[in-house]
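> Pasting the sequence and the predicted model now:
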4 protein chains.
Amino acid sequence: MEDLQSHQDERGVPLDEVGVSGLRYPIRVWDQARERQATVATFEMSVALPQEFKGTHMSRFIEVLEARRGEISLGTLPQLVEELATRLSAPSARVLVKFPYFLERAAPVSGAVALMDYECAFEGRVVTGELGKVADFTLEVTVPVTSLCPCSKAISDYGAHNQRSALSMRVQSVDLSPASMIWIEELVALAERSASAPVYPLLKRADERHVTMQAYDNPVFVEDMVRNVAVQLKEDPRVAWFEVRADNHESIHNHAAFARTSWRREPSG
Amino acid sequence: MEDLQSHQDERGVPLDEVGVSGLRYPIRVWDQARERQATVATFEMSVALPQEFKGTHMSRFIEVLEARRGEISLGTLPQLVEELATRLSAPSARVLVKFPYFLERAAPVSGAVALMDYECAFEGRVVTGELGKVADFTLEVTVPVTSLCPCSKAISDYGAHNQRSALSMRVQSVDLSPASMIWIEELVALAERSASAPVYPLLKRADERHVTMQAYDNPVFVEDMVRNVAVQLKEDPRVAWFEVRADNHESIHNHAAFARTSWRREPSG
Amino acid sequence: MEDLQSHQDERGVPLDEVGVSGLRYPIRVWDQARERQATVATFEMSVALPQEFKGTHMSRFIEVLEARRGEISLGTLPQLVEELATRLSAPSARVLVKFPYFLERAAPVSGAVALMDYECAFEGRVVTGELGKVADFTLEVTVPVTSLCPCSKAISDYGAHNQRSALSMRVQSVDLSPASMIWIEELVALAERSASAPVYPLLKRADERHVTMQAYDNPVFVEDMVRNVAVQLKEDPRVAWFEVRADNHESIHNHAAFARTSWRREPSG
Amino acid sequence: MEDLQSHQDERGVPLDEVGVSGLRYPIRVWDQARERQATVATFEMSVALPQEFKGTHMSRFIEVLEARRGEISLGTLPQLVEELATRLSAPSARVLVKFPYFLERAAPVSGAVALMDYECAFEGRVVTGELGKVADFTLEVTVPVTSLCPCSKAISDYGAHNQRSALSMRVQSVDLSPASMIWIEELVALAERSASAPVYPLLKRADERHVTMQAYDNPVFVEDMVRNVAVQLKEDPRVAWFEVRADNHESIHNHAAFARTSWRREPSG
């Protein structure tokens, strides 16, 4: 049968990305305690297509993924990306894996335990350019938190509006070595101490009292949460680059307030 | 050309609904002040298909809608549904129109004015049964409000968690006469006085102080909001049936809390 | 600390449902081969609230779920619902669990194997009424399939428009005994033979040729798919009730076409 | 009342963006024929926040928008962005406006007319940097089209799988003068002639026959659609930069295939 995709293309247009998206697959992710967690991911996988080729072979993306049957971790994603580039004879490849990740959380007073979900993503890329091959890896974690408005607290005789916020961090390490690895668990903790209070899966009445007062004692603007996270990430020598975004699902408005910043470590001389 | 849809079907399976969904069309809606508001709707339109027909003619749904070029109101939707049933020779027809609706809102202290969006829907049905033809019309309005937790307030030394809630009401009138018509504006007002405080598009500092304390002074559980709405709807003689649902986007959890109830007026003897 | 939720309510409004929604939790589901599959579910859990109680205790929903740590199956969901009703002293309870479910699928010619996702739901209810306690259980499976338009094929000299369709089945068995249990795998197979062709996770060129011609040889309207499924479900003595809906993501329009029917087995005399 | 937002911040973290998102507002857009179309937009509006300020004044975003009551066009958006920067004393500002836009489309044979929706966005930015103030404006249009797979056609004895695709174009002009303005209507036409066939709101049987054969006669891979658009945009002297992405909602898979490329005109010497 004819292999149309391998035909020559004359239009002179290289494609940055060709691939598949919206592909759901079960995966297993290693957590910080070196145990494996089963979850369900949505994949976007692509390669660059040089201008002389008419098309890519989409089925190979699935084959590469299926061959690993979902063993995906911060450690193994770079290999998967590499394999994709090789298998599809492509100069560049990219894999984005989004998944909910669960952590056991204990309520602050009662100690009642349940699981809470955090939306995470791994993104791996390999790019072959003039200076050879470059790989990078980005970890993204979105942490739901409580934020209480400092302005509302300061100007009101009592009370203060507060809401659920989403604090998203995208982080790249200085290198791909195990020593430079940043864990989901670390970013969750960092986000929670940058907000008014954590959000929990299960709170008994004594816990609810605790988080209500904790939030009132720690008011933060959406700008503050982003800055609190940024200051801590800059101080971490493992971090080479980050982007932080906070979204407040305002309790007094029908829209959200947000703030965003990004930073790259200066190359040391 | 062959008209396959008009062929005979032998499987003996009547279909409750056949039609189109996810169809976006600009519409104009009459408001309570008898002025027209331009907005964008998403339509779901269907007819019942008796067991002897192989298919319906989907293009006629669009033709019926296009013929009116988006003049849709509480008053004219019943005619559109009627027309659909006639045009498609169907015993029953249904039209669901979802759209955002905008109201000018003034902030409570500064009086600063801006527009706020409310998600609304009109649903019209006509059904031909053993007792002849029956038509009904349902108005749905979802109102964003603030809710402040009574438990959190009662058990804490200071503060109280609060959040944006969505209060949805679906209402049918006792008949389709103008005197029995219930307006979007009325349901918005009813929802807002059933919650801890309204939500506004634009608040200056003096307004923020006002709504912060208003919410603290009026704590409500998700159950309370539904009941507050229900009590008022029962007392309104125009109301024949309603369903009310409240969803709290909890500021202390990563899930929502909800409550729901429905009611039908007893036929008077 | 004060337990406000247990206070008396005077408004005279019973609530059909009070509970939590949008709660994500990892679960393990038993498949037809009696093996367990790990996936991630979204829960909606509720109880009825009699008119005399002010509120329910939301944290108990999470406790009941956490106690089972995600062991959810067609067999165990009824127990979970029962436990919820008992734990919250409620006359009725409902649990809706939505999750993606994965099956290994082999391509029709090459035999190439990969996993494909099907969106599923279990819904369990227990209701205490005048005649005592009644429980029901509903299985929902949505199967992506290919549909090719019979009209387009019949009236064109060559070609025929086709598209991905979603075929959703909600089924209740005649009783909750193991012999009456209907499996996800059965509904997937039933949906696929009711469409123009199945949809696969991985197709090589020989497979693509096969499914292209298979679809052209089996054209179906959206109405046909619903009827094909309905005919087969009626013939299955385990089935007491079903609702079937098909949605065609039309390749020639920017909206969808859909059809829907429902059926209940007559009580045998 | 205290103005906390104007306080000094000591953390040394400038924010790239602070603002509001998910804000719905009715707007009026000028079309190519110089007539105004009413639609509903979702806004994201932000300014940069220098490191020395604690917060921005969120209510001013709404005031700036409300003052114009929704008069938004390719011509006036740059002024709105400018006004935002001035009003909030910010070095940079950005406004993203997403909205459905409707065009009257006539079916290819019957001439039957109806409205079709296209998802569009305007994005305006002003950035004050070392070289002074720079403004840019991006137009985004997503056009639903039909794509028919060339491989499937070539290897099958009859038929060919096809599907709805979304062809998204983001375009910046060489300058903001009226002569360089690119219209939504132009990008819709360009996308449609780059695909297998257009998608229509209303097709009678003769039209359905026409588009079925048109698609079969013009098979395109997802890669081809992106390249067809790219070739034409490069030849247009008004275009300074573009990004094109195509997504095929595969009729034979449960995932999508996509391709993407971007290009910037070399500064002429």
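Noted; the coordinates are in hand.
> If you drop the residues flanking it in sequence, what lies closest to residue A:118?
Distance criterion CB to CB, 6 or more residues apart in numbering or on different chains; nearest residue to residue A:118, sequence neighbours excluded, is residue A:101 at 5.1 Å. (Each C-beta comes from the backbone N, C-alpha and C, glycine too.)
> Correct me if wrong, but the one you found is in a strand.
Yes - using DSSP: H, G, I helix; E, B strand; the rest coil, the secondary structure at residue A:101 is a strand.
> How much space separates it from residue C:174?
Per CB to CB, to the nearest Å, residue A:101 is found 41 Å from residue C:174.
> So if I had to pick from these two, which one is more boxed in?
Neighbours per residue (other CB atoms under 10 Å in any protein chain shown) separate residue A:101 from residue C:174, with residue A:101 holding more: 20 against 15.
> so how far is chain D from that one?
22 Å (CB to the nearest CB, to the nearest Å).
> Surely that residue is in contact with residue A:38?
No - using CB atoms under 8 Å, residue A:101 is not in contact with residue A:38, being 10.8 Å away.
> who's whatever residue of chain A ends up closest to chain C bridged to?
Of all residues in chain A, the one sitting closest to chain C is residue A:38 (3.6 Å; CB to the nearest CB). In this entry, residue A:38 is beta-bridged to residue A:28, by DSSP bridges.
> Could you do the one 4 residues further on as well?
Partner residues in beta bridges with residue A:42: residue A:24, residue A:98, with DSSP bridges as the criterion.
> which residues sit in contact with it?
Counting by CB atoms under 8 Å, 6 or more residues apart in numbering or on different chains, residue A:42 touches A:22, A:23, A:24, A:97, A:98, A:99.
> Just put those residues in TSV and tack on pLDDT, neighbour count and distance to residue D:111.
Formatted as TSV, those follow (pLDDT from 0 to 100; neighbours: other CB atoms under 10 Å in any protein chain shown; distance: CB to CB, whole Å):
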residue	pLDDT	neighbour count	distance to residue D:111
A:22	97	16	37
A:23	97	24	41
A:24	97	21	43
A:97	96	23	49
A:98	97	17	45
A:99	97	23	50
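> what about stretch A:177-193, start to end distance?
27 Å (CA to CA, to the nearest Å).
> can you give me phi and psi for residue A:154?
Dihedral pair for residue A:154: phi -70, psi -40, per degrees, to the nearest 10.
> And the residue of chain A closest to chain C, what's its pLDDT?
Per-residue pLDDT puts residue A:38 at 93.
> Okay, it and chain B: tell me how far apart.
For residue A:38, the distance to chain B equals 20 Å [CB to the nearest CB].
> dump the residue contacts of that residue.
Taking CB under 8 Å, 6+ apart, one finds A:26, A:27, A:28, C:26, C:38, C:39 in contact with residue A:38.
> Now do the contacts for the second one.
Looking back up the chat, that one is residue A:27. Residue A:27 touches A:38, A:39, A:40, A:41, A:70, A:71, A:72, A:97, A:99, counting by CB under 8 Å, 6+ apart.
> Any chance of CSV for these, columns distance to residue B:50?
Listed next are those as CSV, based on distance: CB to CB, whole Å:
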residue, distance to residue B:50
A:38, 48
A:39, 47
A:40, 42
A:41, 46
A:70, 48
A:71, 54
A:72, 52
A:97, 49
A:99, 47
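> where are the low-confidence patches of chain A?
Along chain A, the parts satisfying pLDDT under 70 run over A:269.
> hmm, try it at 90
Scanning chain A for pLDDT under 90 picks out the ranges A:1-7, A:30-36, A:68-78, A:128-134, A:176-178, A:267-269.
> Now the most centrally placed residue in it: closest residue in space, sequence neighbours ignored.
Chain A has residue A:140 as the residue nearest its centroid, 1.3 Å off, counting by CA atoms, centre = their mean. Spatial nearest neighbour of residue A:140, chain neighbours left out: residue A:121 (4.0 Å); criterion: CB to CB, 6+ apart.
> I'd like the distance from the helix or strand hosting that neighbour to the chain centre, please.
Per DSSP states H and E, residue A:121 falls inside strand A:113-129. Here strand A:113-129 is found 4 Å from its chain centre; the criterion is CA atoms, centre = their mean, to the nearest Å.
> so what secondary structure elements neighbour that strand?
helix A:77-87, strand A:92-106, strand A:132-148, helix A:184-192, strand C:15-30, helix C:59-68 (3 or more CB pairs under 8 Å, 6 or more residues apart in numbering or on different chains; DSSP states H and E).
> rerun that using 6 Å as the cut-off
helix A:77-87, strand A:92-106, strand A:132-148 (3 or more CB pairs under 6 Å, 6 or more residues apart in numbering or on different chains; DSSP states H and E).
> circling back: ok, the contacts of residue A:38 vs chain B, which is closest?
For the contacts of residue A:38, the nearest to chain B is residue C:26 (14.2 Å; CB to the nearest CB).
> Can you report how many residues lie near the closest one?
Count around residue C:26 with other CB under 10 Å applied: 21.
> Who are the contact partners of it?
A:102, C:40, C:70 (CB atoms under 6 Å, 6 or more residues apart in numbering or on different chains).
> mind running it again at 7 Å?
By CB atoms under 7 Å, 6 or more residues apart in numbering or on different chains, the residues touching residue C:26 are A:38, A:39, A:102, A:115, C:38, C:40, C:70.
> next one: residue A:112
Contacts of residue A:112 by CB under 7 Å, 6+ apart are A:106, A:202, A:204.
> One more pass at 6 Å, please.
Contacts of residue A:112 (CB under 6 Å, 6+ apart): A:202, A:204.
> Quick check: phi and psi on it?
phi -60, psi 130.
> Could you tell me how many residues sit around the residue nearest to residue A:123 when sequence neighbours are not counted?
Spatial nearest neighbour of residue A:123, excluding adjacent residues (CB to CB, 6+ apart): residue A:138 at 4.3 Å. If you count neighbours by other CB under 10 Å, residue A:138 ends up with 18.
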